[in-house]
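task: produce atomic coordinates for the following.
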Amino acid sequence: MPDGDLLALPAHVAGSGTLDRLVETARDYARAAASDNTLKAYAKDWAHFARWCRMRGVDPLPASPQMIGLYIADLAAPQGKAPALSVSSIERRLSGLAWGYAQRGDRLDRKDRHIATVLAGIRRKHARPPVQKEAILPQDLRDMLATLPHDLRGLRDRAILLIGFAGGLRRAEIVSLDHGRDDTPDSGGWVQIMDEGALITLRGKTGWREVEIGRGSSDQTCPVHALTQWLHFARIGFGPIFVAVSRNGLKATPERLSDKHVARLIKTCAQAAGLRPELSVAERNRLYSGHSLRAGLASSAEVDERYVQKQLGHASAEMTRRYQRRRDRFRVNLTKAAGL
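I've put the predicted structure just below:
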């Protein structure tokens, strides 16, 4: 059930045209409180929990901390053939359940001891360092670009990879871009092409921010040149920038690409370029994702860390450092500095 669907006038208030319109407006705002992907994930979380309850002869309503404690214990150590979930996945499930109860006028107290103590034990017993995606470094990116064809799809995918890398953009941010401001209702930002580069105004996870993408040293690796080439040959002057191409490959369609296209593109190009040849195809697919572009910029840009943090849209320097692969490892030797 999407956010806002349960919003209504209080029972003691008589409806009117003005109030009914305000109810619809409030519902629209409530639905926009989270992204479509987040709402879909939360809905799946609730559906899974409701099914788990039904199979055990209990009702998911009202919220029972005791039952939810049993539920997350089953997720961490399932009795059947289902795979055990990671700690982060279990925490995400709890967020989905909290959302689900809120939509039904109930409240889930995640700090209740029946939930908190079980979750603390799961963290202590099963927590592992996060598996980081491999960073796509500049030479890796050049090798990937070389695998793309020189047709309309190739122009589009070249622009996606270069803009995503140079802007440090998330895959959802890449495909949400429009040509101009307010071109479409589902726009996540827009692009202005300038002499010095491209200025992207973006609505990210931490709010609106501006991302500056300077011109590259050559047309082959310049993200701004790649973007202008795609816009020119695809004849895009309005609406979504990164769209599907017709079956015959001759023209761009109005259909905005999904963020899954970016993930597939990265995996396909990494395979074609032969990155990490010692790994199997399955291992390589698990290693590269949309975050590989962001990690690549963070790891290879030899500038003050605060500029990288601003480009990635991180609220803290600590989060930015998580994206840096091998950049500062052993650069400062505290052992020798201490006199040993």
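
from what I see, E196 and I213 are in contact.
No: shown here, E196 and I213 do not form a contact pair, counting by Cβ atoms under 8 Å, at 9.7 Å. C-beta coordinates here come from the backbone N, C-alpha and C atoms, glycine included.

wait, a strand at L231?
No: with DSSP: H, G, I helix; E, B strand; the rest coil as the criterion, L231 is assigned helix and is not in a strand.

is it true that it touches H179?
Yes: counting by Cβ under 8 Å, L231 touches H179, with 7.3 Å between them.

what is in contact with these two at once?
237, 241 (Cβ atoms under 8 Å, 6 or more residues apart in numbering).

average pLDDT for stretch 174-188, rounded please.
Across stretch 174-188, pLDDT averages out at 93.

also stretch 111-124?
95.

and it, how far out from the chain's middle?
The chain centre lies 27 Å from the centre of stretch 111-124; the measure is Cα atoms, centre = their mean, to the nearest Å.

and S89, what's its pLDDT?
S89 is given a pLDDT of 92.

quick one: which helix or strand includes it?
helix 87-103 (DSSP states H and E).

for that helix, which outside residues touch it?
Taking contacts as Cβ under 8 Å, 6+ apart, the residues outside helix 87-103 that touch it are 1, 3, 5-6, 34, 41-46, 48-49, 61, 63, 68, 72, 75-76, 85, 107-108, 110, 115, 119, 122-123, 126-128, 130.

give me that answer again for 7 Å
1, 3, 6, 41-42, 45-46, 49, 63, 68, 72, 75-76, 107-108, 110, 122-123, 126-127 (Cβ atoms under 7 Å, 6 or more residues apart in numbering).

the longest helix anywhere in the chain vs helix 87-103, what angle?
If you go by DSSP state H, the chain has its longest helix at helix 36-55. Interaxial angle, helix 36-55 versus helix 87-103 (axes from the mean of the first three to the mean of the last three Cα atoms, to 10 degrees): 90 degrees.

tell me the helices and strands packed up against helix 36-55.
When contacts are defined as 3 or more Cβ pairs under 7 Å, 6 or more residues apart in numbering; DSSP states H and E, helix 36-55 packs onto helix 87-103.

quick check: next helix or strand after the helix it packs on?
helix 113-126.

what packs against that following helix?
Counting contacts by 3+ Cβ pairs under 7 Å, 6+ apart, helix 113-126 is packed against helix 65-76, helix 87-103.

can you list contacts of the first one?
Spelled out, it's helix 65-76. Against helix 65-76 from outside (Cβ under 7 Å, 6+ apart): 49, 52, 58, 84-85, 90, 93-94, 97, 109, 112, 114-115, 118-119, 122, 126.
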